[in-house]
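Asks: model this:
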Amino acid sequence: MAEIAAEEAALIARAKAGDLPAYEQIVECHQATAFRVAWLITRSSSDAEEATQDAFLKAYRALDRFRDGAPFRPWLLRIAANEARNRRVAESRRERLSLRMLEEAPAGASPSAEEELVDADSRRRLVAAIGRLPERDRLAIASRYFLDLGEAEMAGALGCRPGTVKSRLSRALARLRTEMENEDE
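Replies: Numbers count the residues shown, from 1 in each chain. Have a look, this model is predicted:
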């Protein structure tokens, strides 16, 4: 882990000095995670892709303000989240479209089709419940469980103190449980 951080610090230093291939390596390393963060906010692949591209461009332009030795990923994810928020338009319409696509997925003809339908329905219900949560809760849950960020990285990405991460995640999970229970009624 320390070796990876040292390699990344070296790439950042080279990128700050104007080495574009070094920055391209940074982009390759973090592109998928930044896209997932943007998608969780926009619920649109095209908007998430644009937000991710703009986030990397803004991060490159702001590299001189990036604090040496600080973790890069949370800083970048915060930029990506802000860019995605700027692009979010008609979110509820996109959520309905995503859910409709999940519901219309064809069922298999195999004997395990019933299990697949139950799993698909559970996933659909979970995605719908997460989608009904406030953005702050969605980002907390996504950061931990979809992106597998640690507490320190979550704090950086969410823009809060490390001590706040646990309580924010706990409240978000409680709201998700309530959402799921309300759906069952």
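Asks: Centroid-nearest residue for the protein?
Replies: A centroid search over the chain (Cα atoms, centre = their mean) returns V37, at 2.1 Å, as the residue closest to the centre.
Asks: packing partners for whichever strand or helix holds R168?
Replies: Per DSSP states H and E: R168 is located in helix 162-184. Secondary-structure packing of helix 162-184 (3 or more Cβ pairs under 8 Å, 6 or more residues apart in numbering; DSSP states H and E): helix 113-132, helix 135-141, helix 151-158. To be clear about C-beta, it is placed using only N, CA and C from the backbone, and glycine gets the same treatment.
Asks: Between those helices, which one is closest to G18.
Replies: Of all the helices and strands packed on helix 162-184, it is helix 151-158 that lies closest to G18, at 25.6 Å by Cβ to Cβ.
Asks: For the closest one, give the mean pLDDT please.
Replies: What helix 151-158 shows for mean pLDDT is 85.
Asks: Likewise for stretch 170-185?
Replies: On average, stretch 170-185 scores 84.
Asks: For that stretch, list every residue counted as buried.
Replies: If you call a residue buried by 16 or more other Cβ atoms under 10 Å, then stretch 170-185 has these buried ones: 172-173, 175-176, 179.
Asks: want to throw those residues into JSON lines with distance to P74?
Replies: Below are the buried residues of stretch 170-185 laid out as JSON lines (distance: Cβ to Cβ, whole Å):
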{"residue": "A172", "distance to P74": "18"}
{"residue": "L173", "distance to P74": "21"}
{"residue": "R175", "distance to P74": "23"}
{"residue": "L176", "distance to P74": "23"}
{"residue": "E179", "distance to P74": "27"}
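Asks: so which of those comes closest to I130?
Replies: L176 (6.5 Å).
Asks: give me the low-pLDDT residue ranges for this protein?
Replies: 1-2, 89-118, 184-185 (pLDDT under 70).
Asks: Tell me if I'm right that I130 and I141 touch.
Replies: Yes - judged on Cβ atoms under 8 Å, I130 makes contact with I141 at a distance of 6.3 Å.
Asks: Give the residues shared as contacts by those two.
Replies: Residues touching both I130 and I141 (Cβ atoms under 8 Å, 6 or more residues apart in numbering): L176.
Asks: Looking at the record's assignment, how would you partition this structure?
Replies: Annotated domains of the chain cover 2-87, 91-184 [automatic domain parsing].
Asks: follow-up on the earlier one: residues in contact with the residue nearest to the centre of the chain?
Replies: 77, 80-81, 84, 139, 142-143, 147, 157 are the contacts of V37 under Cβ under 8 Å, 6+ apart.
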